[in-house]
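1. Kindly return the folded structure for what I paste below:
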Amino acid sequence: MTERIRIKDIAKRAGVSVGTVDRILHNRPNVSAEARRKVEKALAEMNYQPNMYASALAYNKSYTFYLILPKHDSEAYWEEIEEGAKKATEARRDFHIEIQILFYDRFDDESFNNTCATCLEAAPDGVVVVPVLLEITRRFTDKLHDQNIPFIMLDSYMPDLRPLSFLGQDSFASGYFAAKMLMLIASQESEIMLMKQMKNGIVVSKQQNNREVGLRHYMNDHFPEIKIIEVNLPQDGSKREYDHILEQFFSTHPHLHHCITLNSKAHLVGDFLLRTNRRDVQIMGYDMVEKNAQCLRQGSISFLIAQHAFQQGYGCIETLFKAIVLKKKVEPVNYMPIELLTKENVDFYRRTQL
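-> Sure, this is the predicted structure:
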């Protein structure tokens, strides 16, 4: 019935002009409160549902969304974010949507600021941003608010910055879950290793910090006797440097059999364990990138937690599309599944499944 309801039908029922109905349906100004009340009453009585897709296509406007990501290697978590975003753009190509991807050095505040300035100069229709520290990110998001540019936060949720939406895992729950799964195989240990990657003593990702809070919360509640020993593999370190740090660590902790990292680089330890033939040690980590998957199959990684990076990238662009192009309300928080991968099920994981 909705498709057969014409503007003149609505105007007749409301007792107003066709032009008035048109202005109300398209949120244009110069409409009296009384006329709006009559039209809205008629719309409700007629159960009118606008065809937002048809309206957006007829408008024939082009849209540019900017995606601001950390610089990364190939076969990384962020690369899957890019692939998902590009797939969503392709799926909505009839609506003249394009994306521009900008990169910043996650450990360089000036790099982030310069990248954000480039984005603002382009006056995008919408932005997806992976944040850095709160106050540095706030300087950028305040300008987005000033210019009425909607933005989505990816990876780390900072509600104080008032994003349109967030896509990512519940990082505290994820860290808690990771610890619980690790203890299925490590409950008899006296110590475990927590591998971090930092620069100048800082883990920039708020998500990883929150995961650690969740992990330590579980361990304090259930296994307070197990010691957690931190090992830092510097963010910009070389393979030789990593080998030296890991060799020294495992030589001085010969009875340690289980490790965990809260980032996507478990393969740095997993590969070392394979090369040094330490078959009685395993590490648990995040993300089904190929280097991690190889170590998982060969037994040096015990578990991987999937973050559905492709789905996150796709969902960000789709959310901007719904909010900006179709003018629909969107969910403010979109938590991704927390799934556990082992060598028995990793080959059945569908990376690009939505």
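2. Please count neighbours and contacts with C-alpha atoms only from this point.
-> Fine.
3. what about the helices in the stretch 51-200 of the chain?
-> Along the stretch 51-200 of the chain, counting by DSSP state H, counting those that start in this stretch, helices occupy 52-59, 77-91, 109-121, 134-146, 171-186.
4. And for the third one, what's in contact with it?
-> The set of residues that contact helix 109-121 without belonging to it, under C-alpha atoms under 8 Å, 6 or more residues apart in numbering, is Tyr66, Ile68, Leu102, Phe103, Tyr104, Asp105, Arg106, Val132, Ile136, Phe140, Leu144.
5. Sitting in strands, which of these do you find?
-> Among those, DSSP state E puts Tyr66, Ile68, Leu102, Phe103, Tyr104 in strands.
6. tell me the SS of Asn27?
-> Three-state call for Asn27 (DSSP: H, G, I helix; E, B strand; the rest coil): coil.
7. ok but Arg279 is inside a strand, no?
-> No: counting by three-state DSSP, Arg279 falls outside a strand, being coil.
8. so how far is Glu40 from it?
-> Computed as C-alpha to C-alpha, to the nearest Å, the Arg279 to Glu40 distance reads 70 Å.
9. hang on, the earlier thing: worst average pLDDT in the helices of the stretch 51-200 of the chain?
-> Confidence, taken as mean pLDDT, is least for helix 52-59 of the helices of the stretch 51-200 of the chain (a mean of 60).
10. Show me the strands in this structure, by range?
-> In the chain, the segments counted as strands under DSSP E are 63-70, 97-104, 126-129, 151-154, 165-168, 191-196, 227-232, 258-261, 282-286, 301-306, 333-335, 339-341.
11. follow-up on the earlier one: in ChimeraX, select just the buried ones from the contacts of helix 109-121.
-> Command for ChimeraX that selects the buried part of the contacts of helix 109-121, burial taken from 16 or more other C-alpha atoms under 10 Å:
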select :66,68,102,103,104,106,132,140,144
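12. buried stuff in stretch 288-308?
-> For stretch 288-308, burial by neighbour count (16+ other C-alpha under 10 Å) applies to 288-289, 291-297, 299-308.
13. Apologies, that question was intended for stretch 199-218.
-> 199, 203-218.
14. And it, how far out from the chain middle?
-> From the chain centre to the centre of stretch 199-218 is a distance of 16 Å (C-alpha atoms, centre = their mean, to the nearest Å).
15. For the stretch 151-300 of the chain, give me the ranges with low pLDDT.
-> The model of the stretch 151-300 of the chain has no residue with pLDDT under 70.
16. and the ones in strands among the contacts of helix 109-121, which two are the farthest apart?
-> Between any two of those, the greatest separation by C-alpha to C-alpha is 13.1 Å, found for Tyr66 and Tyr104.
17. Tell me the one among the ones in strands among the contacts of helix 109-121 nearest to Arg351.
-> Of all those, Arg351 sits closest to Ile68, with 21.9 Å by C-alpha to C-alpha.
18. what sits against that closest one?
-> Contact analysis of Ile68 by C-alpha under 8 Å, 6+ apart lists Ile101, Leu102, Phe103, Tyr104, Thr115, Cys116, Val127, Val128, Val129, Val130.
19. mind checking how far Gln100 is from Ser156?
-> Gln100 sits 21 Å away from Ser156 when distances are taken as C-alpha to C-alpha.
20. scratch that, Arg138
-> Per C-alpha to C-alpha, Arg138 is found 13 Å from Ser156.
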